[in-house]
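Enquirer: Coordinates for the following, if possible.
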Amino acid sequence: MTVYNFSAGPAVLPKPVLEKAQAELVNYQGSEMSVMEMSHRSSLFDNIIKEAEKLLREIMGIPDNYKVLFLQGGASLQFSMIPLNLAVGKKALYVNTGAWAKKAISAAKAIDGVEVEVIASSEDKNFTYVPEITKDMVDQEAAYVHITTNETIGGISYQTIPDVGDVPIVADMSSNILANNYKVEDFGLIYAGAQKNIGPSGLTVVIIREDLLNKEPIFSPMLDFAVQAANDSLYNTPPTYAIYIAKLVFEWIQELGGLQEIVKRDQEKAALLYDAIDASNLFISPVDKNYRSLTNIPFVTGDEELDKKFNQEALAQGFQNLKGHRSVGGMRASLYNAFPKEGVEELVAFMKKFEDENGEK
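Expert: Below is the predicted model:
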């Protein structure tokens, strides 16, 4: 039985990447060492981390005046690290689009000296859309405007990036980095946990415009963007193996044809599933069509018991991790870059069979 992993994270990795990592596991480039064993100060690892940054810059078109940092702590640590570095003594503006935005807002409110203002929210419709943001809503003296470009749980996504004037946009891009056509220069800072489209958990990527690096040190060097940038992400031992896998993923993306080809494939995969949902008399999407995510697709039957039955039968057929997040229920298919198109085709066929057997007669 073929297994398809729809996990929202840690998520499926490209099979060629796993196979290459397996081949190099105990002897990387004739060193007789695994990447997991070698010093982060060694020339071999220095080449790995530099090549990872070079590839990411090429794929995303990252301008020279942005620093690329490979950090730890997940996106959740960035919820605190960003206001600590950018907004003490200032106002930080947030857009509330769901579970992850709410966590970022809560963490920022806990930082002394940061004034947090939520300038827009989609909570009125249970986070099923992205609220409109206009320049007149944005205090031009604010430190930044924070958005979550893709809500993993709710399945909504920014289709375009709002014009907020001269205020930097800070974006949690954890679940749709490398799966969108955004321009890096439209953001002041981008951050993303790696465990969805980049690599294994344990690595966090931060892309920050140089003028936003804090001029005064903060209380913890580990949490200081300027310190991390000055040390090229090597202030302490970084997540070396996760960075190595990320490099292999970046190579895989380049070999496929780069970001444009990846986004095209993601659009095709998502369209297959959304078309099946829209054509169904049993399954529905709770998300406004104008804001649907390419990477995280929730759907329900409207009957909790039927959802439960679907999840049980799907699991028995090899569809792993389809159950929706515990906070919303139903089903959720996470179609990250490495997820194969044939897995979506198989899921759609299973959904049609399930509807034939369980839908209204």
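
Enquirer: where exactly do the strands run in the stretch 101-250 of the chain?
Expert: Using DSSP state E, counting those that start in this stretch, the strands of the stretch 101-250 of the chain run over 115-121, 144-148, 150-151, 156-157, 169-172, 189-193, 204-209.

Enquirer: Pick the most buried one from the ones you listed.
Expert: Mean neighbour count, computed with mean count of other Cβ atoms under 10 Å, is highest for strand 150-151 among the strands of the stretch 101-250 of the chain, reaching a mean of 28. Placement of C-beta: from N, CA and C, glycine included.

Enquirer: quick check: mean pLDDT across that strand?
Expert: Averaged across strand 150-151, the pLDDT comes to 98.

Enquirer: likewise stretch 349-361?
Expert: Rounded mean pLDDT across stretch 349-361 is 89.

Enquirer: Same check on stretch 88-104?
Expert: Stretch 88-104 comes out with an average pLDDT of 97.

Enquirer: what distance separates that stretch from the centre of its chain?
Expert: 17 Å (Cα atoms, centre = their mean, to the nearest Å).

Enquirer: And for stretch 191-203?
Expert: 7 Å.

Enquirer: Then stretch 281-289?
Expert: How far stretch 281-289 lies from its chain's middle: 23 Å, per Cα atoms, centre = their mean.

Enquirer: Identify all contacting residues around it.
Expert: Applying Cβ atoms under 8 Å, 6 or more residues apart in numbering, the external contacts of stretch 281-289 come out as 125-126, 128-129, 154-156, 274, 276-278, 292-293, 297-302, 306, 330, 351, 354-355, 358-360.

Enquirer: Which residue, other than its chain neighbours, is closest to P10?
Expert: For P10, ignoring the flanking residues on the chain, the nearest one in space by Cβ to Cβ, 6 or more residues apart in numbering is Q195 at 4.2 Å.

Enquirer: so how far is E51 from E216?
Expert: Remark: distance between E216 and E51 (Cβ to Cβ, to the nearest Å) = 33 Å.

Enquirer: Those two - which one has more neighbours?
Expert: With neighbours defined as other Cβ atoms under 10 Å, E216 and E51 compare such that E51 has more, 15 against 8.

Enquirer: so what's that one closest to, chain neighbours aside?
Expert: Per Cβ to Cβ, 6+ apart, closest to E51 is K247, 5.7 Å.

Enquirer: what sits against the one you found?
Expert: 48-49, 51-52, 55.

Enquirer: Please apply the same query to E355.
Expert: E355 neighbours (Cβ under 8 Å, 6+ apart): 280-283.

Enquirer: Leaving out the residues flanking it, which one is nearest to E268?
Expert: Excluding its sequence neighbours, the residue lying closest to E268 (Cβ to Cβ, 6+ apart) is K341, at 6.8 Å.

Enquirer: and the one you found, what does it touch?
Expert: Taking Cβ under 8 Å, 6+ apart, we find K341 in contact with 265, 268-269, 272.

Enquirer: same thing with A120?
Expert: Residues in contact with A120 (Cβ under 8 Å, 6+ apart) are 95-96, 131-133, 137.

Enquirer: Repeat that for G61.
Expert: Here G61 is in contact with 183-184 (criterion: Cβ under 8 Å, 6+ apart).

Enquirer: swap the cut-off to 10 Å and go again
Expert: 182-185, 258-259 (Cβ atoms under 10 Å, 6 or more residues apart in numbering).

Enquirer: Show me where the chain has its helices.
Expert: For the chain, helices defined by DSSP state H occupy the ranges 15-24, 43-60, 74-86, 99-109, 225-230, 240-256, 259-279, 304-316, 341-358.

Enquirer: now the ones you listed in CSV, with distance to S34?
Expert: Output for the helices of the chain, formatted as CSV (distance: least, Cβ to Cβ, whole Å):
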stretch, distance to S34
helix 15-24, 8
helix 43-60, 11
helix 74-86, 24
helix 99-109, 34
helix 225-230, 25
helix 240-256, 8
helix 259-279, 29
helix 304-316, 34
helix 341-358, 30
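
Enquirer: Quick one, which of those helices gets closest to Y4.
Expert: Y4 lies closest to helix 341-358 among the helices of the chain, at 3.7 Å (Cβ to Cβ).

Enquirer: Next, the angle helix 259-279 makes with the closest one.
Expert: Here helix 341-358 points in a direction 0 degrees away from that of helix 259-279 (axes from the mean of the first three to the mean of the last three Cα atoms, to 10 degrees).

Enquirer: next one: helix 341-358 to chain centre, how far?
Expert: 26 Å.

Enquirer: swap in stretch 56-74?
Expert: 14 Å.

Enquirer: Relative to F70, how far out is the residue nearest to E51?
Expert: Distance from K247 to F70, by Cβ to Cβ: 10 Å.

Enquirer: what sits in contact with each of the two?
Expert: Common contact partners of K247 and F70 (Cβ under 10 Å, 6+ apart): 49, 52-53, 56.

Enquirer: thinking again about what came up before, Y4: which of the strands of the stretch 101-250 of the chain is closest?
Expert: Closest among those, using Cβ to Cβ: strand 150-151, at 20.9 Å.

Enquirer: Great, nothing more from me.
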